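K.L.:
Task: produce atomic coordinates for the following.
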Amino acid sequence: MVEDIVGCKWSLAVLGAVRRGVHRPGALEHSIDGLSKKVLNERLAKLVRFGILDKHSYAELPPRVEYVLTAFGQKFCGLLDGVEALQRELDGGSR
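P.N.:
Okay, the predicted model is just below:
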């Protein structure tokens, strides 16, 4: 699962947008350059299946759907932050 998420730039981009407060599919699609609706839907389904995001559907007209990080997703993003910090440290140390 980790390789599937970390190795996919779109999954990381979607997670980053959700963490910045973008929760609706249309807003996610518009906030990430180059991301198609098809790829977005595939990545959202994968992140929900892995338990990283939770999908909330509201019984409204028009229907509204929002995605939020689960408790596991918050921990997972903490790990990604640690990996990113380590990479910055390595990059800074190699100059």
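K.L.:
what's the pLDDT at the residue sitting nearest the centre point of the chain?
P.N.:
Nearest to the mean C-alpha position of the chain, by CA atoms, centre = their mean, lies L15 at 1.6 Å. At L15, the model reports a pLDDT of 95.
K.L.:
Provide the secondary structure category for the nearest residue to it once chain neighbours are set aside.
P.N.:
Leaving aside its chain neighbours, L15 sits nearest to C77 (6.3 Å; criterion: CB to CB, 6 or more residues apart in numbering). Backbone N, C-alpha and C define where each C-beta goes, glycine included. Secondary structure, DSSP: H, G, I helix; E, B strand; the rest coil: C77 is helix.
K.L.:
neighbours of C77, just the number please.
P.N.:
As a burial measure, C77 scores 17 neighbours (other CB atoms under 10 Å).
K.L.:
can you check the one 5 residues further on too?
P.N.:
Residue crowding around G82 was assessed by other CB under 10 Å; the count is 10.
K.L.:
Which helix or which strand is home to it?
P.N.:
helix 71-93 (DSSP states H and E).
K.L.:
Export that helix to CSV, keeping only CA atoms.
P.N.:
The C-alpha atoms that make up helix 71-93 are tabulated as CSV, following Å, rounded to 0.1, in the frame of the first residue of the first chain:
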residue,chain,number,x,y,z
ALA,A,71,-7.2,9.0,11.8
PHE,A,72,-5.1,6.5,10.0
GLY,A,73,-4.7,8.9,7.1
GLN,A,74,-3.4,11.6,9.5
LYS,A,75,-0.8,9.1,10.8
PHE,A,76,0.1,8.1,7.3
CYS,A,77,0.6,11.8,6.3
GLY,A,78,2.8,12.2,9.3
LEU,A,79,5.0,9.5,8.0
LEU,A,80,5.1,11.2,4.6
ASP,A,81,6.1,14.4,6.3
GLY,A,82,9.0,12.5,8.0
VAL,A,83,10.2,11.1,4.7
GLU,A,84,10.0,14.5,3.1
ALA,A,85,12.0,16.0,6.0
LEU,A,86,14.6,13.3,5.7
GLN,A,87,14.9,13.9,1.9
ARG,A,88,15.4,17.7,2.5
GLU,A,89,18.1,16.8,5.1
LEU,A,90,19.8,14.5,2.6
ASP,A,91,19.6,17.1,-0.2
GLY,A,92,21.0,19.8,2.0
GLY,A,93,23.9,17.6,3.2
